[in-house]
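Chemist: Let me see the structure of the following:
(2 chains)
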Amino acid sequence: MTTETMAKSAAANSSDPNRKAPANRKKKRPGTYVSRVAIILAGLIFFFPFIWMVATSLKPTSEVFSTGSSFLASRVEWSNYVTAWTAIPFAQVVANSFLVSIAGAALTTLVSLLSAYAFARLQFKHRDKLFLVFLGTLVLPQEVLVIPLYIMMNKLDLVNSLPALIVPFAFGAFGAFLIRQFLLSLPVEFEEAARIDGAGSVRILWSVILPLVRAPLAVVAVFSFIDYWSSFLWPLIVINDVSRATIPLGLSMFSGERGTDWGPLMAAATTAVIPSLLIVILLQRQLVKGVSMGGFGGR
Amino acid sequence: MTALPTLAVKNAKKPARVTGHGKLAAVYLAPGMLGFLIFIVVPLVASLVISLFDWPLFGAPKFVGLDNYVRMLSGDPVFWTVLGNTLFFAVCYTVLNLVLALALSTWLHSLGGWGPFFRVLFFIPVVTPMVANALVWRLMLTDDGVVNSFLANFGIHGPSWLSDSQLAMGSLIVMSVWQGIGYNIIVLGAGLNGISPNLLEAARIDGAGALQRFFRVVLPMLSPSLFFCTVMTIIGSFKVFTQPYLLTLGGPGESTNTIVLYLYRNGFSFDKLGYASALAWALFVIVMLITALQFSQQKRLVNYDN
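Modeler: Numbers count the residues shown, from 1 in each chain, chains lettered A, B, ... in the order given. Predicted coordinates for the structure are as follows:
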C-alpha cells in the first residue's frame, strides 16, 4: 500500500510539466520568476488573517486598535494566553473538543468501514438501491435536521451532554463511500484465498481488509476529526453550559460574555487553530488525496 | 480489470452466496443503517411533520396544517428578504469561488514544485475552525481595524465594512471565499494533474495557442472536477450560517440574514420550532431542486470520455 502511494505520487510528479521535461526547463523565462514572486505575495496576503490573529494575541488590550496596521505593540503580552485559559474553563473546553473529535472520528470510521465492506463485498437483496439512497444523504444539508434532532435530544435528556455532540453526526455517507470506492479497486482474491484457508469473516475483515484500507481509513478519520473539531451550529444548539462546550462554541461565548476582549480572544482562537494546522502539516498528502478522491465521486 | 473476474465468480456461486451474505451483511450494516435511520431518515420525516404544527419547545404542539408554509410564503416579508440574501450570497460566492479557484489552480499547476506547497497553504482556512476564522475577520474589518488602518496610509477613509448595509454582504462573501476556496483549488488541482501532458503537447504541435489550449483542451478535460466543485459549492453556499452569525448578526437590518440563521433564530430564539422546520424544508427543497437540475444537465455540460 505504501508502495502504491509512492507510485501514485511519483506518477503525479512526472505528469507535472515543469518538473519532468528538460525540454521545458530550457524555456524557463523571466516570466517564471515574476510568477514565483507573485505567488509568494498572494500566499502572504492570503495567510495574513492568521498572522494577524497571532499578532493580536500578543498585544495588550489597550493597544489592539491603537497600533493600527503594525504587528508589534509596545510589549509582547503573553498574559493574553493565561487570560484565555482562565477566563472561561478553557482547559475543559479544549479537553471536550479533543474528546468529542476523537470519539466522533473513531465512531464514524468504524461504522463507515463496516458499511463499506458490506456494500463493496457482500451480496444481498437490493444492495445497490440501498446504497444509492444512502448516498443521497451526501447532498442533504445537515442543517435541515437540527430541529428534530434537538427535540430528540431533549426527549432523551441528552441536551448539554457530550454524547449529543458525538452520536448524531457519525452516520453520514462520505466515509462509507470513500472506503467502498477503494475496496472496489482491490482484487477479491485476497479474501477468497483467506476464506479457502478457513478464515472466518471477522478474521478476514480484521487481518485481510483492514491492513489494505488503512489509507482511506486514515482519510475518513482525519476528515471527521476536522468536522467535529470545527462544528459550530449543532454545539450552539445543543450545549448551553460552558463546561460542556467545544472550542468553536467556547470562542463565540467568549466574545459575547466579556464584551470583546480581543487580545485574549485571539489567543484562544490561535489555540483553536493550532491542532488543525498541525494536522495539515503532518498529513498534507493524505488530505490532498482525500479531497481529490472525493472529487472524483462524480465519475 | 479486476471487475471482470469478480463478476464471474459471483455469478458462478450465486445461489449459495446470496443467502450466506444476507445474514453477514445484516450484521455489518446494522450500526451504519440504524444510525442512518435514527439520525437521518427519521429526523428528515419528523421535520416535515413538525412543520405542520405550532411547536413550542415547552408546551403542547398544536396541529396547524399548512399554516406555517402559508405564512412563510405570503405573510412573512422577512422570509423573502432572507431567501433573496441567501440566493445573492450563493450566486456571488459560487461564481467568485469557482473563477478564482480555476485561475489559482491553473497558476499553481504551472509553478512546478512550488504548486503543491501553495495548494496546501490555500487549503488551511478550510480545516481551521470557521468560528476562529470569522472572529479574526471581524477584528480586521471593524471600523478602526487593520484593513482601514492600512487604507489610511494611502489617505483613504475606510468604510464600515460590517455595519454598512451596502457593504456587509460583500464582506461576508469575500470572507467566505477566503474560507472555502482551498477545497476547490485541491479538487481542480487533482483534475489538472490528471490531464495528460501529451494531449497538451499534441495541441501545441497542432498550433493551438495558450488560450486555445486552455479552452479547448484543459477546460473540457477538467469538466468532471468542475462539475463536482460547482455542485458542492452551491450546496455549501445555501447553508451559510457562521459568517453572518459572528460577523454581522444578520444585520444591519436584515441585510445579511440568511435562511439557516433565520431558521436558527425561529427555532431557538423565538421558540417556533414548527416554523423553523418549514424553513428547513424550504432549504431542503431548494437545494434538492438545484442539485437535480445540475445533474440533469450533467451529460450536456460534462465531458466524460477520455
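Chemist: Packing partners of the helix or strand hosting B:Thr106?
Modeler: B:Thr106 is part of helix B:77-109 when elements are defined by DSSP states H and E. On a contact count with 3 or more Cβ pairs under 8 Å, 6 or more residues apart in numbering or on different chains; DSSP states H and E, helix B:77-109 meets helix A:30-57, helix B:114-127, helix B:168-193, helix B:219-238, helix B:259-268, helix B:273-296. In this view, the C-beta of every residue, glycine as well, is placed from N, C-alpha and C.
Chemist: 6 Å instead?
Modeler: helix B:114-127, helix B:168-193, helix B:219-238, helix B:259-268 (3 or more Cβ pairs under 6 Å, 6 or more residues apart in numbering or on different chains; DSSP states H and E).
Chemist: measure A:Leu72 to A:Thr56 for me?
Modeler: 11 Å (Cβ to Cβ, to the nearest Å).
Chemist: more neighbours, these two?
Modeler: A:Thr56 (29 against 11; other Cβ atoms under 10 Å in any protein chain shown).
Chemist: Excluding chain neighbours, what is closest to that one?
Modeler: Using Cβ to Cβ, 6 or more residues apart in numbering or on different chains and skipping the chain neighbours, the partner closest in space to A:Thr56 is A:Met266 (4.2 Å).
Chemist: Tell me how far the one you found lies from B:Met169.
Modeler: Using Cβ to Cβ, we find A:Met266 at a distance of 25 Å from B:Met169.
Chemist: what do you get for B:Val285?
Modeler: Per Cβ to Cβ, B:Val285 is found 24 Å from B:Met169.
Chemist: who has more neighbours, these two?
Modeler: Set side by side, B:Val285 and B:Met169 show more neighbours around B:Met169, with 18 against 11, by other Cβ under 10 Å.
Chemist: What residues does the stretch 201-306 of chain B have near chain A?
Modeler: Contact residues (Cβ under 6 Å from any Cβ of the partner chain) of the stretch 201-306 of chain B with chain A: B:224-225, B:227-228, B:235, B:239, B:241-242, B:260, B:267, B:273, B:276-277, B:280, B:283-284, B:287, B:291.
Chemist: Quick check, pLDDT for the residue sitting nearest the centre point of chain B.
Modeler: Central residue of chain B (Cα atoms, centre = their mean): B:Gly236, 1.5 Å from the mean position. For B:Gly236, the pLDDT comes out at 91.
Chemist: Tell me the residues of the stretch 1-150 of chain B that contact chain A?
Modeler: So the stretch 1-150 of chain B meets chain A at B:2, B:6, B:17-18, B:21-22, B:24-25, B:28-29, B:31-32, B:35-36, B:39-40, B:43, B:46-47, B:112, B:118, B:120-121, B:124, B:127-132, B:135-136, B:139, B:144, B:146, B:149-150 (Cβ under 6 Å from any Cβ).
Chemist: Make a ChimeraX selection of whichever of the residues you listed turn out to be buried.
Modeler: The ChimeraX command for the buried members of these (criterion: 16 or more other Cβ atoms under 10 Å in any protein chain shown) is given here:
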select /B:17,21,24,25,28,29,31,32,35,36,39,40,43,46,47,112,118,120,121,124,127,128,129,130,131,132,135,136,139,146,149
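Chemist: Which of the residues of the stretch 1-150 of chain B next to chain A fall within helices?
Modeler: Of the positions in those, B:6, B:17-18, B:21-22, B:24-25, B:28-29, B:31-32, B:35-36, B:43, B:46-47, B:118, B:120-121, B:124, B:127, B:130-132, B:135-136, B:139, B:146, B:149-150 sit in helices, assigned by DSSP state H.
Chemist: tally of neighbours for residue 252?
Modeler: Answering for chain A, as no chain was given. Around A:Ser252 there are 20 other residues, counting by other Cβ under 10 Å.
Chemist: meant chain B, my bad for not saying
Modeler: With neighbours defined by other Cβ under 10 Å, the count for B:Pro252 comes to 16.
Chemist: any idea what it is structurally, helix, strand or coil?
Modeler: Put simply, B:Pro252 is coil when judged by DSSP: H, G, I helix; E, B strand; the rest coil.
Chemist: Now do the contacts for B:Thr86.
Modeler: By Cβ atoms under 6 Å, 6 or more residues apart in numbering or on different chains, the contact set of B:Thr86 is B:Thr258, B:Ile259.
Chemist: whoops, I mixed them up, A:Thr86
Modeler: No contacts exist for A:Thr86 under Cβ under 6 Å, 6+ apart.
Chemist: Checking my notes, it in a helix, right?
Modeler: Yes - under three-state DSSP, A:Thr86 falls within a helix.
Chemist: A:Met153 is in contact with A:Val159, correct?
Modeler: Yes - shown here, A:Val159 and A:Met153 form a contact pair, counting by Cβ atoms under 6 Å, at 5.2 Å.
Chemist: Tell me the residues that contact both of the two, please.
Modeler: With Cβ under 6 Å, 6+ apart, A:Val159 and A:Met153 have common neighbours A:Val238.
Chemist: More neighbours: which of these two?
Modeler: The neighbour count for A:Val159 versus A:Met153, taken as other Cβ under 10 Å, is higher for A:Met153 (21 against 16).
Chemist: got the residue ranges for the helices in the stretch 101-250 of chain A?
Modeler: With helices called from DSSP state H, counting those that start in this stretch, the stretch 101-250 of chain A shows them at A:127-136, A:146-155, A:162-166, A:174-184, A:189-196, A:201-203, A:210-212, A:214-230, A:233-238, A:247-257.
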